[in-house]
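> got a predicted model here, sequence first, then my questions.
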Amino acid sequence: GESVGLHLPTLSVQEGDNSIINCAYSNSASDYFIWYKQESGKGPQFIIDIRSNMDKRQGQRVTVLLNKTVKHLSLQIAATQPGDSAVYFCAEDGFGNEKLTFGTGTRLTIIP
Amino acid sequence: DTGVSQNPRHKITKRGQNVTFRCDPISEHNRLYWYRQTLGQGPEFLTYFQNEAQLEKSRLLSDRFSAERPKGSFSTLEIQRTEQGDSAMYLCASSLGGGTGRRKLFFGSGTQLSVL
């Protein structure tokens, strides 16, 4: 079946360094992708999204890259801070699908 | 900031009991979604509403589950005859109904259900 998955379940990064979280998707019909951050005991919080007609989008300290050729999505977080420690999910939506499909998540830990 | 509100935050119940959760979406959002999340997994889609119309239900939503959004504002999710396998975080999300905004979901903090 089609799914959204992540390459690494855990990632530890030194405070101040940049982090990269990767995501592979298998549905070539997906045309919208979104990254969420989830802290313990809370619901997912929107970080950034990107449509399939783009290959890069930047936000505040975050950049999402989309490579449709290899069906790969990444989230780059610059100058990581302790508050960035959380589980990060990528999600996808195919045209007409009307709902997001989530991957299993990557736990990011920022080391002081 | 009036985000998505869910009540209760936690619910502990005995197997076989019925439970009901409430979700109040962001006021101008006309789409409302229910997701379920188990430990270590991403959220799984259950159902969604456009205004008061329930437009899609997942196969995960057995006949013990029912969701309503009677006036197109708040929604309730009821689970009848709860089973231990129903233990999970139940997340509600809302979005704007039109255009690409409908895909950008804003989530509440969830209701953590524990079935003993």
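That came through, no problem. Residues are numbered from 1 along each chain as shown, chains lettered A, B, ... in the order given.

> for B:Y35, which non-adjacent residue is spatially closest?
Counting by Cβ to Cβ, 6 or more residues apart in numbering or on different chains, the nearest residue to B:Y35 once its immediate chain neighbours are dropped is B:P43, at 3.8 Å. All C-beta atoms are positioned from the backbone trio N, CA, C, and that covers glycine.

> look up how far B:T82 lies from that neighbour.
20 Å (Cβ to Cβ, to the nearest Å).

> looking at those two, which one has more neighbours?
B:P43 (29 against 21; other Cβ atoms under 10 Å in any protein chain shown).

> what sits against the more buried one?
With contact set as Cβ atoms under 8 Å, 6 or more residues apart in numbering or on different chains, B:P43 has these partners: A:P44, A:F89, A:F102, B:Y35, B:R36, B:Q37, B:L91, B:F107.

> same thing with B:E52?
In this structure, B:E52 makes contact with B:R69, B:P70, B:K71, B:G72, judged by Cβ under 8 Å, 6+ apart.

> and for B:V19?
Here B:V19 is in contact with B:K11, B:T13, B:E78, B:I79, B:T82, B:L113 (Cβ under 8 Å, 6+ apart).

> mind running it again at 10 Å?
Counting by Cβ atoms under 10 Å, 6 or more residues apart in numbering or on different chains, B:V19 makes contact with B:8, B:11-13, B:77-80, B:82, B:86, B:90, B:111, B:113, B:115.

> who wins for most neighbours among the contacts of B:E52?
Result: B:R69 is most packed of the contacts of B:E52 (other Cβ under 10 Å), 23 neighbours.

> thinking that one is in contact with B:H29, fair?
No: counting by Cβ atoms under 10 Å, B:R69 stays clear of B:H29, with 11.5 Å between them.

> neighbours around B:N30, how many?
By the criterion of other Cβ under 10 Å, B:N30 has 19 neighbours.

> how many neighbouring residues does residue 32 have?
You didn't say which chain, so I picked chain A. By the criterion of other Cβ under 10 Å, A:Y32 has 18 neighbours.

> oops, chain B please
With other Cβ under 10 Å as criterion, B:L32 counts 29.

> ok, it - contacts?
B:4, B:23-26, B:47-52, B:54, B:67, B:69, B:72-75, B:92-95, B:97, B:105.

> apply 8 Å and report the result again.
Contacts of B:L32 by Cβ under 8 Å, 6+ apart are B:C23, B:P25, B:Y48, B:F49, B:R69, B:S75, B:C92, B:A93, B:S94.

> partners of the regular element (helix or strand) spanning it, with directions?
Secondary structure assignment for B:L32, by DSSP states H and E: strand B:31-37. Strand B:31-37 has these partner strands in its sheet, going by DSSP bridges: strand B:44-50 (antiparallel), strand B:88-95 (antiparallel).

> chain center to that strand, what's the gap?
4 Å (Cα atoms, centre = their mean, to the nearest Å).

> could you give the backbone dihedrals for the closest residue to B:E28 other than its chain neighbours?
Once flanking residues are discounted, B:E28 sits nearest to B:L96: 7.1 Å by Cβ to Cβ, 6+ apart. Main-chain dihedrals, B:L96, degrees, to the nearest 10: phi -70, psi 150.

> list the contacts for B:L96?
B:L96 touches B:E28, B:H29, B:N30, B:R31, B:R102, B:K104, counting by Cβ under 8 Å, 6+ apart.
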